[in-house]
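A.B. asks: show me how the following folds:
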Amino acid sequence: MLDDIRKKEIQELMSGIGRQALAASRPLATASAERKHAALVGMANHIAARKEAILSANALDLENARETGVAASFIDRLSLSESRILDMANAIRAIADLPDPVGDIIAEWDRPNGLHIERVRTPLGVIGVIYESRPNVTADAGALCLKAGNAVILRGGSDSLHSSQAIHACLVMGLKDAGLPEHAIQMVPVADRSAVGAMLTGLGGAIDVIVPRGGKSLVARVQNEARVPVFAHLEGLCHVYVDASANLDMAKRIVVNAKMRRTGICGSAETLLIDRNAKDVFVAPLIAALRDARCEVRASAEIQAIVPGLIAATEEDWATEYLDAIISATLVDGISGAISHIAEWSSSHTEAVIAEDPAVAERFFAEVDSAILLHNASTQFADGGEFGMGGEIGIATGKMHARGPVGVEQLTSFKYRVRGTGQVRP
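C.D. replies: The predicted structure is shown next:
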């Protein structure tokens, strides 16, 4: 009985949030670029000014997380520092300075009958963002949705609730300062999982699209249960292929950075593929560089024969997003073998090729079907901020509407404006 009462209360809470978001989305869709810019700058300033309060809230989340004995990679994703908070504020300022996409004419043309047709960017409406552990997503998602003229309902993980609420308070201050509806960015105030279920129903038609950002189980639940469109951000099972034509020093730098710069992000490399034709040149130094960086290597039998003492890789390793200082490694038959391995095991997120042969790079770009492909660069660049988007809600691994970093432009739809001079259709 108590569970039923609780579910009813949460359903009523979420329905109210949906109605408020829908009401806020209407004036937001026509808000001026200047007003949105002012709100975003205000948000950034409030975050920077209230960093001590945000750090205090984050300390509560970290204390709770450590008591549950979670992995170090999880703690890294959850942790905020003064520099990370200032980076968050600067990311919002970068979003503020982007061109306003709303009203942008994507294409225009004239018909023989004199009609002039324009395809114009419009807001999506109300976006639901469901995410885990990373409190900075609160700022990124709120700012990006606002820039694109959308209202947003944020549902962060229970583990980051205090941090996210402290950040959200700053976003609301920025909205109020600029005279925009404070319900344009709402944060679900409860950790109960039934709140997620309510969002997946669309809240009575209030939500236009759902963006999940989290682990495989969260994304799977959203994809299976959502009754509204989903921008799917699946796991980041990222590969780095080192071709026989690669520069060894470059390969070492890129491989170590791709895995170890931040192991807990979706752009972290999880599998290393090495050209079998150059195994005597690359295997030992690449494995040594990873181990020197305190990375555990799980290797195929061929690599174990070259570097004894490594943990044996199993078939499960090729399908595992470690989000930790662990990488799987195997040999492949050149670029063809790399493409085949990636096609079988990749989550279609991000892949990199290290090669001096331009033909290898071009074939990799042409035949690998992932959202982001890099040549002679670390997979850690798979990030909307690094793409010049100011930030991102996530990396979409599907193929419909949005793919790759989901930034401001990806959070818009379009409509057609047709201008005539009295034409009628015969």
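A.B. asks: please count neighbours and contacts with C-alpha atoms only from this point.
C.D. replies: OK.
A.B. asks: which residues of the stretch 1-150 of the chain fall in helices?
C.D. replies: If DSSP state H, counting those that start in this stretch is used as the criterion, the helices of the stretch 1-150 of the chain fall at 2-29, 33-49, 51-67, 72-78, 82-96, 136-147.
A.B. asks: for the shortest one, buried residues please.
C.D. replies: Counting neighbours by 16 or more other CA atoms under 10 Å, one finds that the buried residues in helix 72-78 are S73, F74, I75, D76, R77, L78.
A.B. asks: returning to what we had before: any idea which of the helices of the stretch 1-150 of the chain scores lowest on pLDDT?
C.D. replies: Per-segment mean pLDDT for these reaches its minimum on helix 72-78, at a mean of 83.
A.B. asks: which other helices and strands does that helix contact?
C.D. replies: For helix 72-78, the packing partners by 3 or more CA pairs under 8 Å, 6 or more residues apart in numbering; DSSP states H and E come out as helix 51-67.
A.B. asks: sorry, back to before: which one of the buried residues of helix 72-78 sits closest to K7?
C.D. replies: The shortest separation between K7 and any of these is 28.1 Å, and it belongs to L78 (by CA to CA).
A.B. asks: what sits against that closest one?
C.D. replies: By CA atoms under 8 Å, 6 or more residues apart in numbering, the residues touching L78 are N58, D61, L62, S133, R134, P135, D159, S160.
A.B. asks: now do 6 Å
C.D. replies: Under the criterion of CA atoms under 6 Å, 6 or more residues apart in numbering, the contact partners of L78 comprise S133, R134.
A.B. asks: 14 is where my numbering starts, stick with that
C.D. replies: Noted, 14 is the first residue going forward, which turns the last one into L91.
A.B. asks: after whatever helix or strand V310 lives in comes which helix or strand?
C.D. replies: Element membership for V310, per DSSP states H and E: strand 309-312. The helix or strand immediately downstream of strand 309-312 is helix 314-319, counting by DSSP H and E.
A.B. asks: okay, that next one in CSV with CA atoms only?
C.D. replies: Taking Å, rounded to 0.1, in the frame of the first residue of the first chain, the C-alpha atoms of helix 314-319 are listed here in CSV:
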residue,chain,number,x,y,z
ALA,A,314,47.8,-15.7,-27.1
GLU,A,315,50.0,-14.2,-29.9
ILE,A,316,50.8,-11.1,-27.8
GLN,A,317,51.4,-13.2,-24.7
ALA,A,318,54.0,-15.1,-26.7
ILE,A,319,55.8,-11.8,-27.4
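A.B. asks: below-threshold pLDDT in the chain: ranges please.
C.D. replies: 14-18, 247 (pLDDT under 70).
A.B. asks: okay, domains of it per the record?
C.D. replies: Residue ranges of the domains in the chain are recorded as 15-246+419-431, 251-394, according to automatic domain parsing.
A.B. asks: any chance of the ones you listed in a markdown table, with distance to A409 too?
C.D. replies: Converted to a markdown table, the domains of the chain look like this (distance: least, CA to CA, whole Å):
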| stretch | distance to A409 |
| --- | --- |
| domain 15-246+419-431 | 5 |
| domain 251-394 | 7 |
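A.B. asks: so which of the ones you listed comes closest to G401?
C.D. replies: Comparing the domains of the chain against G401 with CA to CA, the closest turns out to be domain 15-246+419-431 (8.6 Å).
A.B. asks: contacting residues around A368?
C.D. replies: If you count contacts by CA under 6 Å, 6+ apart, A368 has them with D256, S258, A259.
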